[in-house]
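1. quick one, what's the 3D model for this:
(one chain, ligands or ions: 1)
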Amino acid sequence: MTAIGAGRAGPGAAPVLAVADLAKRYGATTAVDGIAFTVGRGEIVGLLGPNGAGKTTTINMILGLLAPSAGSIRIDGVDLARHRSQALARSNFAAVYAALPGNLTVRQNLRWFGMLYEVPDLGRRIEDLLAEFDLVRFADTRCGLLSSGEQTRVGLAKAVLNDPVLLLLDEPTASLDPATAQDLRALIRGIADRGRGGILWTSHNMHEVQAVCDRVLFLAQGRILLEGDPRTLPHQHGADSLDALFIRLARQPLAAEGER
Ligand SMILES: Nc1ncnc2c1ncn2[C@@H]1O[C@H](COP(=O)(O)OP(=O)(O)OP(=O)(O)O)[C@@H](O)[C@H]1O
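-> Residues are numbered from 1 along each chain as shown. Here you go, the predicted structure:
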């Protein structure tokens, strides 16, 4: 079974992700406004927030796709700005909008990415992942012909190919039916539980977040307004549910800052 980051660092080592004073400005627009957080080993952290809060900008900076205006990002203790390739080799990513090339088969896609990541013993690794993600019967099918749920499983298999210490998942269950989404959540939870790596997960589905995440960060207007256990946070802030808390924070972010 896949264990993200297994065998790379011992317990008590650096968090899999440490973000400090991170900011991104576009002229007069501040997309991310000096945020700081960590993701620990075996932990699934939910990054929540209304549209335009700065979630994608944050993820794109952690992926090395966007240069921060200020601040630092350390992946498994490695500074992304100073040791880019070593830091990025420790992470991976899956999102519905980052579909794999549809003209390649599942096995060809995994082989191509595996060669890119220089995965050792690649043939065996691919066969193991095909079995783990229930993809054996689709191995020689072109990805473009697969259903959304099947493509999501291929995307996840690709995302753990290099045994990442940090896994970034941007709305991994968007567009899946409830049963498939539940299976996927269990699979992802299992990845975190078995390994010593961690997961940063964005979602607009509060039910899903409560079911899966160990901790959540509420982002609005580029700032972290609240952080805590998604099961206890609503009551701590006088809300009936995570949905109700989300709506209040999204509508009145300044009031929430006063509660901190
Ligand atoms: N290249 C850019 N130039 C100017 N402004 C930008 C740019 N990219 C993002 N922004 C702005 O930064 C803010 C944060 O955007 P971001 O895409 O990170 O939000 P998000 O939380 O991912 O939202 P959503 O849930 O809608 O995907 C928004 O106000 C957006 O308009």
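2. C-alpha only now, for contacts and for neighbours.
-> Will do.
3. ok, which stretches of the stretch 1-150 of the chain are helices?
-> Assigned by DSSP state H, counting those that start in this stretch, the stretch 1-150 of the chain shows helices spanning 55-62, 84-88, 106-116, 122-132, 148-160.
4. can you spell out which helices and strands pack onto the fourth one?
-> Contacting helix 122-132 under the criterion 3 or more Cα pairs under 8 Å, 6 or more residues apart in numbering; DSSP states H and E are the following elements: helix 106-116.
5. picking up where we left off before, between the helices of the stretch 1-150 of the chain, which one is closest to the ligand.
-> Minimum separation from the ligand across these (Cα to the nearest ligand atom) falls at helix 55-62, 3.6 Å.
6. list the buried residues in that closest one.
-> By neighbour count with 16 or more other Cα atoms under 10 Å, helix 55-62 contains the buried residues 55-59, 61-62.
7. quick check: beta-bridge partners of Ala94?
-> Leu169 (DSSP bridges).
8. follow-up on the earlier one: the helices of the stretch 1-150 of the chain into CSV, with extra columns for mean pLDDT and distance to the ligand?
-> Output for those, formatted as CSV (pLDDT from 0 to 100; distance: least, Cα to the nearest ligand atom, whole Å):
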stretch, mean pLDDT, distance to the ligand
helix 55-62, 95, 4
helix 84-88, 94, 20
helix 106-116, 96, 26
helix 122-132, 95, 30
helix 148-160, 91, 19
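9. and the ones you listed, which is most packed in?
-> helix 148-160 (a mean of 22; mean count of other Cα atoms under 10 Å).
10. show me how far that helix is from its chain's centre.
-> 13 Å (Cα atoms, centre = their mean, to the nearest Å).
11. could you say what helices and strands that helix packs with?
-> So helix 148-160, by 3+ Cα pairs under 8 Å, 6+ apart, packs with strand 91-95, helix 106-116.
12. identify the residues contacting Arg189.
-> Counting by Cα atoms under 8 Å, 6 or more residues apart in numbering, Arg189 touches 44, 212.
13. can you rerun that using 10 Å?
-> For Arg189, the contact set (Cα atoms under 10 Å, 6 or more residues apart in numbering) comprises 42-44, 183, 199, 211-213.
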